[in-house]
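Engineer: I'll drop the sequence and a predicted model, then ask my questions.
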Amino acid sequence: MEKKLEELKTRLLEIGDLNSAGAVLAWDQMTYMPPGGAPARGRQMASLAKLAQEKLIDPALGRLLDDLQPYAEGMPYDDDDASLIRVTRRDFERATKVPPEFLARFNAHSSEAYMVWAAARPANDFAKVLPYLEKTLDLSRELANYFPGYEHIADPLIDFADYGMKAASVRTLFADLRARQVPLVQAITSQEEADDSCIRKHFPEQEQLKFCEEVVRQIGYDFERGRIDKTHHPFTIAFAVGDVRITTRVQEEFLGECLFSNIHEAGHALYEQGCDPKYDGTPLQGGTSAGVHESQSRLWENVVGRSRGFWEFFFPKLQQVFPEQLKGVSLEAFHRAANKVERSLIRTDADEVTYNLHVMLRFEFELAMLEGSLAVRDLPAAWRERFKADLGIEPPDDKDGCMQDIHWYAGNIGGVFQGYTLGNVMGAQFFDAALQAHPGIPDEIRQGKFDTLHNWLKENIYRHGRKFTAPELVQNVTGGEVSIEPYIKYLRAKYGELYQL
Ligand code: ZN
């Protein structure tokens, strides 16, 4: 057994190394690579991905996992080796159940669909993308059907991003959340719009970058094991527990972009940096699901980074960096500007209160399309109707309606959106649990101290990597299931005060 376990670990590290090398190339492509590098880079990344895939679906790896199964079953569930075998088996089965022929067909279709969408979106031409989206739906169903035995056809697709979650339970959770969030959005947006002019002035790039660096350092991002570089669309990427990078972009006329996207990405990075180093390079390294990952970025960005206490500490420092721009601006005015709620068309620009409404309608349309109760050609009309019901505005076109997100046009339909809202929900649950363990956390945040919160998250969530699924983590941390109550309580308390509801 010892020898077989060693062989498994050696094989898994090789796969991990190939994937990490691919990640370095991807990071470089999105930060410093000159445009001329694009064709070769695409080929290089594909070659590495192919090698990693071949090693992952190697029948010899499957035999090793079979041989080790009795050993894993004899160990406690949370034992490191047992968990490694369990998580690797899940990855192995997912990779081997989908025929390479299908993957090739799907990838070829996706790149074609992406090209068509990239040209059709600015032209507001849904008719152009319609046949591609219909084919994407067929292929998504085909993909799901490689994993028979599901309750809902979206379940296998949800598993890819949020393992352990099911269409039925997420649908119930979201229906409940929508019923309570729509009235909150209406109550806020029927008031006079918050004034955010104090963060919409000229803020030079270098000063913004320097201040953001100070903020993420203070909350615990480790620059010995990471760095920040500029990119078009900010992201976080891990090559190892000891090398977790974040990227950022700056708008000189809007302070909120760089600042809050940096805290968001730092939240993702704290999760990755906090993984136990003994899992480095193995399938146990990294975040356990899209939802839990997003719970950390949103917890740090919104629950901490947009709180009044946070700015009691940082606002005087920000005023020192931008004395002219922020002269005479009160902490209250700044805090209100940072939490402005408005009805908007674009998901990625949406504020904390309206954001989930954008996500939930996409999730429900995914289920409806997969079930066959919504035809792809009826999507634009359904989108406008639902958008008006939830957000009170009707998208004037499809460009900023059902064509705005890349997800369905460069990947599958199903399972690609729920993680964003699950993240908001679980983030509030985790923060609530941290407060119960350490009621002094808000006072510490006011003094710019984040260690207690950061260490609690490390101990309870980060260090476990992929060992536990999201529902298991929530159970371990809160003693219950995923629940919207802490999130609703948080929104009501914060926005009730901000908007005097
Ligand atoms: Zn994120």
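Structural biologist: Structure received.

Engineer: so where does residue 186 fall, helix or strand?
Structural biologist: Assigned by DSSP states H and E, residue 186 belongs to helix 167-189.

Engineer: contacting residues around the helix or strand just after that helix?
Structural biologist: The helix or strand immediately downstream of helix 167-189 is helix 205-219, counting by DSSP H and E. Helix 205-219 is contacted from outside by 223, 228, 246, 248, 250, 252, 255, 258-259, 262-263, 266, 270, 300, 304-305, 314, 317-318, 321-322, 448, 450, 454, using Cβ atoms under 8 Å, 6 or more residues apart in numbering. Placement of C-beta: from N, CA and C, glycine included.

Engineer: circling back to that earlier point, packing partners of the helix holding residue 186?
Structural biologist: helix 155-161, helix 355-371, helix 379-391, helix 418-437, helix 485-498 (3 or more Cβ pairs under 8 Å, 6 or more residues apart in numbering; DSSP states H and E).

Engineer: So among the contacts of helix 205-219, which ones count as buried?
Structural biologist: 228, 246, 248, 250, 255, 258-259, 262-263, 266, 270, 300, 304-305, 314, 318, 322, 450, 454 (16 or more other Cβ atoms under 10 Å).

Engineer: And the strands in this structure, which stretches?
Structural biologist: 228-230, 236-240, 243-248 (DSSP state E).

Engineer: Which one of the helices and strands packed on helix 167-189 lies nearest to residue 119?
Structural biologist: Closest to residue 119 of the helices and strands packed on helix 167-189, according to Cβ to Cβ: helix 379-391, at 17.7 Å.

Engineer: May I see the buried residues of that closest one?
Structural biologist: 379, 380, 382, 383, 384, 386, 387, 390, 391.

Engineer: so what secondary structure elements neighbour that helix?
Structural biologist: Secondary elements touching helix 379-391 (3+ Cβ pairs under 8 Å, 6+ apart): helix 167-189, helix 355-371.

Engineer: Could you say which of the ones you listed is packed most deeply?
Structural biologist: helix 355-371 (a mean of 22; mean count of other Cβ atoms under 10 Å).

Engineer: Local confidence estimate at residue 280?
Structural biologist: Residue 280 is assigned 98 on the pLDDT scale.

Engineer: roughly how far apart are it and residue 238?
Structural biologist: 10 Å (Cβ to Cβ, to the nearest Å).

Engineer: Looking at the two now, which is surrounded by more residues?
Structural biologist: residue 238 (24 against 17; other Cβ atoms under 10 Å).

Engineer: I figured that one hits residue 244, correct?
Structural biologist: Yes: the pair residue 238 and residue 244 qualifies as a contact (Cβ atoms under 8 Å) at a distance of 4.5 Å.

Engineer: Between these two, which contacts overlap?
Structural biologist: Joint contacts of residue 238 and residue 244 (Cβ under 8 Å, 6+ apart) are 269, 272.

Engineer: quick one on the thing from earlier: now mean pLDDT too, for the helices and strands packed on helix 379-391, in CSV please.
Structural biologist: Shown next, in CSV, are the helices and strands packed on helix 379-391 (pLDDT from 0 to 100):
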stretch, mean pLDDT
helix 167-189, 95
helix 355-371, 97
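
Engineer: Same list, those, but as CSV with distance to residue 469 please.
Structural biologist: Converted to CSV, those look like this (distance: least, Cβ to Cβ, whole Å):
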stretch, distance to residue 469
helix 167-189, 13
helix 355-371, 19
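
Engineer: residues of stretch 429-440 that come out buried?
Structural biologist: 429, 430, 431, 432, 433, 434.

Engineer: doesn't residue 488 make contact with the first one?
Structural biologist: It refers to residue 429. No: between residue 429 and residue 488 there is no contact under Cβ under 8 Å: 11.1 Å.

Engineer: and for the two, which residues touch both?
Structural biologist: Counting by Cβ under 8 Å, 6+ apart, nothing touches both residue 429 and residue 488.

Engineer: picking up where we left off before, let me know the closest of the buried residues of helix 379-391 to residue 194.
Structural biologist: Using Cβ to Cβ, the buried residues of helix 379-391 come closest to residue 194 at residue 391, 16.9 Å.

Engineer: show me what contacts residue 191?
Structural biologist: residue 499.

Engineer: and if we set it to 10 Å?
Structural biologist: Residue 191 makes contacts with 341, 499, 500, 501, as judged by Cβ atoms under 10 Å, 6 or more residues apart in numbering.

Engineer: top of the residues you listed by neighbour count?
Structural biologist: residue 341 (21 neighbours).
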